[in-house]
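Prediction below, plus the sequence it came from.
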Amino acid sequence: QLRLVQSEGGLVQPGGSLTLSCEAYGTTLDAYAIGWFRQAPGEGRFGVACIATSGEVKVYTDSAEGRFFISRDNAKNAGYLLMTHLELEDTAVYYCGTAWTCDGYFSTFGQGTHVTVSP
């Protein structure tokens, strides 16, 4: 059974960068699209970006365009989200998830990574 384990988050200053990782256990990731989502305090969970099995990328959040970069390494059975030029509004819990396609239903999620952007 697929299980996703995310890296630790932490405190980042505005303008800084952070890379989140999502490692899969129990099966290989190469058959799945990998999505990243975030949930800010008091808000719902929203999609950030997704990378298909083909490597095609979809960005769901306008504010992430040009600042957040999603990637995958099937050899390492992992997905990544590089976040640059972080802003206060990026403070959230970030989740990775998997689906058959980026337009599909995401049924498995990681445990979440807390990211706080603060001076």
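Perfect, I can see it now. The structure presented is a predicted model; accordingly, all values stated were derived computationally and were not measured.

And the helix or strand of the chain with the lowest mean pLDDT, what does it pack against?
Every helix and strand in the chain was compared by mean pLDDT, DSSP states H and E; the lowest is strand 57-59, with a mean of 93. If contacts are counted by 3 or more Cβ pairs under 8 Å, 6 or more residues apart in numbering; DSSP states H and E, strand 57-59 sits against strand 45-51, strand 68-73. C-beta here means a position set from N, CA and C on the backbone, and glycine is covered the same way.

Mind putting the ones you listed into a markdown table with mean pLDDT and mean neighbour count?
Formatted as a markdown table, the helices and strands packed on strand 57-59 follow (pLDDT from 0 to 100; neighbours: other Cβ atoms under 10 Å):
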| stretch | mean pLDDT | mean neighbour count |
| --- | --- | --- |
| strand 45-51 | 97 | 20 |
| strand 68-73 | 97 | 18 |
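
Regarding the residue nearest the centre of the chain, which helix or strand does it belong to?
The centre of the chain sits closest to Trp36, judged by Cα atoms, centre = their mean, with a distance of 2.9 Å. Taking DSSP states H and E as the criterion, Trp36 maps to strand 33-39.

quick check: angle from that strand to strand 68-73?
Taking axes from the mean of the first three to the mean of the last three Cα atoms, to 10 degrees, one finds strand 33-39 and strand 68-73 inclined to each other by 140 degrees.

helices or strands up against strand 33-39?
strand 18-25, strand 45-51, strand 68-73, strand 78-83, strand 92-99.

Right, I'll call it a day here.
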